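> have a look; sequence and predicted model below, questions after that.
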Amino acid sequence: MVNETKVLDIHKEKLPKADTERTRECPCFIPRSDIYEVDDKIVLLLDMPGVNPNAINITLDKSVLTVNGYVRVDEPEGYSLMHAEYETGDYERSFRISNQIDQSNIDAIYNNGTLKLILPKSKSAMPQRITVKVGE
């Protein structure tokens, strides 16, 4: 039971107060992410439910990859909310990436509330095979 409580608390983590002010009147969450390494790329998966793909901004500035997702809440007409367990809000997260990533070829795919970022490794970061020559 203790582990379940910790998991629920983690999912509600909001961005800490910063030196800047937000212009939107809603909470801002840190999207949970999984990071996978494959031979030739790094894959980041970020949970961003409720975000319209057109409301996702991804920027890369000085090796910092920043993802912002904005949620627009549509309430059904003719209904009034009696109880809500799902809290909506925007998403923001930044990652510092190394120079071993080919920063000009990063791809982003959004599907069913999950943003997938594909960061290809640069050729200099790829393992190289060195052939052995028979010599004198």
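Arrived safely.
> switch to C-alpha atoms for all contacts and neighbour counts from now on
OK.
> next one: stretch 89-104 to chain centre, how far?
Stretch 89-104 sits 8 Å away from the centroid of its parent chain (Cα atoms, centre = their mean, to the nearest Å).
> where is the longest strand in the chain?
strand 51-61 (DSSP state E).
> what's the distance between residue 53 and residue 76?
Remark: distance between residue 53 and residue 76 (Cα to Cα, to the nearest Å) = 21 Å.
> same for the longest strand of the chain, what does it pack against?
Using 3 or more Cα pairs under 8 Å, 6 or more residues apart in numbering; DSSP states H and E as the contact criterion, the elements in contact with strand 51-61 are strand 64-71.
> can I get the strand it packs on as CSV, trimmed to CA atoms?
The C-alpha trace of strand 64-71 is given here as CSV (Å, rounded to 0.1, in the frame of the first residue of the first chain):
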residue,chain,number,x,y,z
VAL,A,64,19.0,22.0,-23.9
LEU,A,65,16.0,20.3,-25.3
THR,A,66,12.7,21.8,-23.9
VAL,A,67,9.3,20.3,-24.4
ASN,A,68,6.1,22.3,-23.7
GLY,A,69,2.6,20.9,-24.1
TYR,A,70,-0.5,23.0,-23.6
VAL,A,71,-3.9,21.5,-22.6
